[in-house]
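Chemist: Here is the input, now give the coordinates:
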Amino acid sequence: MVLITQALYISEKTVKNNITNILSRLNLRDRTQLAIIALQQGLGGKQL
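Modeler: Residues are numbered from 1 along each chain as shown. Next comes the predicted model:
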């Protein structure tokens, strides 16, 4: 999470709040579910 805060110049609390809001809106339980959906939608980075 530190990389996100440094790259966007925002606080860790802001990142956590944004992630919580995204999870709530998508009716997801955790970031793992969010990552799976993102990959399924082609939003992921390079594949290993």
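
Chemist: Could you measure from the closest residue to Arg29 other than its chain neighbours over to Thr32?
Modeler: Among residues not flanking Arg29 along the chain, Leu23 sits closest, at 7.3 Å (Cβ to Cβ, 6 or more residues apart in numbering). C-beta coordinates here come from the backbone N, C-alpha and C atoms, glycine included. From Leu23 over to Thr32 the distance is 11 Å, taken as Cβ to Cβ, to the nearest Å.

Chemist: residue ranges with poor pLDDT in this structure?
Modeler: Scanning the chain for pLDDT under 70 picks out the ranges 47-48.

Chemist: if we go to 50?
Modeler: In the prediction, the chain carries no residues with pLDDT under 50.

Chemist: Work out which residue lies at the spatial centre of it.
Modeler: Nearest to the mean C-alpha position of the chain, by Cα atoms, centre = their mean, lies Ile19 at 5.5 Å.

Chemist: The helix or strand encompassing that one - contacts with which helices or strands?
Modeler: For Ile19, the element it lies in under DSSP states H and E is helix 12-25. Identification of packing neighbours for helix 12-25 by 3 or more Cβ pairs under 8 Å, 6 or more residues apart in numbering; DSSP states H and E yields helix 2-8, helix 31-40.

Chemist: Can you check which of the ones you listed gets nearest to Lys46?
Modeler: Closest of the helices and strands packed on helix 12-25 to Lys46 is helix 31-40, at 11.6 Å (criterion: Cβ to Cβ).

Chemist: More neighbours: Leu23 and Thr32, which one.
Modeler: Of the pair Leu23 and Thr32, Leu23 is the one with more neighbours under other Cβ atoms under 10 Å, namely 15 against 9.

Chemist: what sits against the more buried one?
Modeler: 29-31, 33-34 (Cβ atoms under 8 Å, 6 or more residues apart in numbering).
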